[in-house]
Structure formats: C-alpha cells, structure tokens
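Chemist: give me a 3D structure for the following:
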Amino acid sequence: MFYLRTALAFLGFTAASIYAIVIALIRSDRSRVAYDYARAMVRLMRPPLGLKVQVEGQEHMTAQRPCIYIVNHQSAFDVPVLAELHLPDTVIIGKKELRNIPFFGWLYEATGNILIDRSNTSRAVGRMREAETAIRERGVSVWIFPEGTRGKTPGKLLPFKKGAFYMAVAAGVPIVPVVVGPVAELFDVRKRLIRPGTVQVRVLEPISTEGFGDRDIDRLIEISRGRMAATLAELSGAAAVDEVAPAAH
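Modeler: This next block holds a predicted model:
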C-alpha cells in the first residue's frame, strides 16, 4: 500500500501542478495562482494519502497581516498538511534545492516565493532583504521554517535561526507561530510507511515585535520557540491514527 498511496499522491501532485501552470500562463495575479495551487494539492493529494488535518486557531492566520508565519518542519508531508493555510498575498522562503523539483520548482519561483542558498550567507541575507522589502512595499506575509532544516526527532524542535526574527523586527510586523503535530506515525519514507490518520495543526496568537530591536532578537526567539515547543509537546500526545485501517507498508 505504501507504493500505491505514494503513486496516487504523486499523480495528484502532478495534476495540481499542471493545473497551476496553465492558470499561471493566463492569469496575471500570481499570488492567486499560488493560492489555487495550494487548494488543488489539498483536494488531490490528501485523499490517496488518507490524510486529514485538524486546524485550531485558524483565526490567528488573518488577525494581523502582514505578518511572518514561523512553522516547524518535519518532512515532505508538510506540503499537503499546510497547503490549506496558504493565503493570497503570501510568499514562502525555502531552500534553493526546491528549484529542482519538477513542476513545483518552476511554480515556486513564478508565484513570487523566495529561494535562498544557505551555504552562501551574503546571498541568503540579500534574499531575506527582498522578502522584507516585499512586506514593506506590497504588504505580503511571509512563511519561514526557522529551524532551517527538517527536525529528526518527533516532538522536538531544532534551534531557530535568526533571519525570520530580524526580518519581523525590521519590518515592524508580528510573528505568528504555526505548530504541526508529529507526522512520523503517519508518514515515514525510510520505513516505507503511510498510514491514514489526522495531523493536528495549531496556529498560535500573534507575537508583537513592537518595542523589539536587534539587541532583543534572542529574547524574541526564546519567546517564540518556547511557545511552539510547549504546543508541540502537547500535540505529540494527541497525534491521531486511524486504527481501523491497517498500517500501509
């Protein structure tokens, strides 16, 4: 079942990508293209994976915009999990390797998202400043994975990099933490595991950056990471698996 579910999910991903490429060629509003692409992935990828997502605190997504969304990163499973939370006038900052994914890489850049090369600090800083400018001039919100890479231990956060927090302070916008509960019980490529079930996602209240300066970045990280870590620990005991369906290996 692992290979069948994977193949069907990939077909869904491909169909969603082709749909998005078509509308990208005829629609000038690329932000709306990205929004529709995300919705198509929800409709076409989740059913073959047996994936359901329960979101708490979704009202915080739009409480204060523009803003910077920070979210924990676990695996490629994050894409269909988080897709429904993607809003218009939003960009994502990701690693440059995403450019190599067929269809997705082209759409990622074509819809205004930002790829950074973490091995080149000066270039990465320059790209982050582009995102800051987009916040100031176009009022867009930004998604960032502050851990910088995938977390290896379920229920645990890696140390946070500072870029998102410098950007929030410089642009004068709040930080909105988004916490995805553990997915390892439902999806693990190394174990050839896909199991139907529900992933819990919780959007936390915005964290104001008013009154913070560059000297306060460590404190801002401590506050943000502390709230996310506490929420992740809580969600780690709430991961729901569909017990009536056998594990798919």
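Chemist: contacts for stretch 217-231?
Modeler: Residues external to stretch 217-231 that are found in contact with it (Cβ atoms under 8 Å, 6 or more residues apart in numbering): 70, 72, 146, 157, 160, 162, 165-166, 168-169, 175, 177, 179, 202, 204, 207, 209, 212. To be clear about C-beta, it is placed using only N, CA and C from the backbone, and glycine gets the same treatment.
Chemist: could you flag which of the residues you listed are buried?
Modeler: In terms of neighbour count (16 or more other Cβ atoms under 10 Å), the buried residues within the contacts of stretch 217-231 are 70, 72, 146, 157, 160, 165-166, 168-169, 175, 177, 179, 202, 204, 207, 209, 212.
Chemist: of the contacts of stretch 217-231, which belong to helices?
Modeler: Assignment to helices by DSSP state H places the following of the contacts of stretch 217-231 there: 165, 166, 168, 169.
Chemist: the first one against residue 175, yeah?
Modeler: Just to be clear, that refers to residue 165. Yes - counting by Cβ atoms under 8 Å, residue 165 sits close enough to residue 175 to count as a contact (7.2 Å).
Chemist: how about low-confidence regions in this structure?
Modeler: 118-123, 238-249 (pLDDT under 70).
Chemist: picking up where we left off before, what is the nearest of the ones in helices among the contacts of stretch 217-231 to residue 19?
Modeler: Residue 19 lies nearest to residue 168 out of the ones in helices among the contacts of stretch 217-231, by Cβ to Cβ, at 33.4 Å.
Chemist: so the closest one touches residue 176, yeah?
Modeler: No - the criterion here is Cβ under 8 Å, and residue 168 misses it with residue 176 at 9.8 Å.
Chemist: what sits in contact with each of those two?
Modeler: When contacts are counted by Cβ under 8 Å, 6+ apart, residue 168 and residue 176 are jointly contacted by 67, 68.
Chemist: what comes into contact with the top helix by length along the chain?
Modeler: The longest helix of the chain (DSSP H) is helix 2-26. Outside helix 2-26, the residues that touch it by Cβ under 8 Å, 6+ apart are 30, 33-34, 36-37, 40-41, 43-45, 47-50, 80, 102-104, 106-107, 110-111, 192-194, 248-249.
Chemist: buried among those residues? Need that as a selection in PyMOL.
Modeler: If you want just the buried ones from the contacts of helix 2-26 in PyMOL, going by 16+ other Cβ under 10 Å, the selection is:
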select buried, resi 30+33+34+36+37+40+41+44+45+48+49+50+80+104+107+111+193+194+248
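Chemist: show me the contacts of helix 2-26 that map onto helices.
Modeler: The helices, defined by DSSP H, take in 30, 33-34, 36-37, 40-41, 43-45, 47-49, 80, 104, 106-107, 110 from the contacts of helix 2-26.
Chemist: surely residue 176 and residue 62 touch.
Modeler: No - look at residue 176 against residue 62 with Cβ under 8 Å: they stay out of range, at 9.6 Å.
Chemist: okay, the two: which has more neighbours?
Modeler: For the pair residue 176 and residue 62, the greater number of neighbours falls to residue 176 (26 against 12), based on other Cβ atoms under 10 Å.
Chemist: partners of that one in the sheet?
Modeler: When assigned by DSSP bridges, residue 176 has beta-bridge partners residue 69.
Chemist: how far away is the nearest residue in space to residue 61 that is not next to it in sequence from residue 66?
Modeler: For residue 61, ignoring the flanking residues on the chain, the nearest one in space by Cβ to Cβ, 6 or more residues apart in numbering is residue 203 at 5.6 Å. Remark: distance between residue 203 and residue 66 (Cβ to Cβ, to the nearest Å) = 16 Å.
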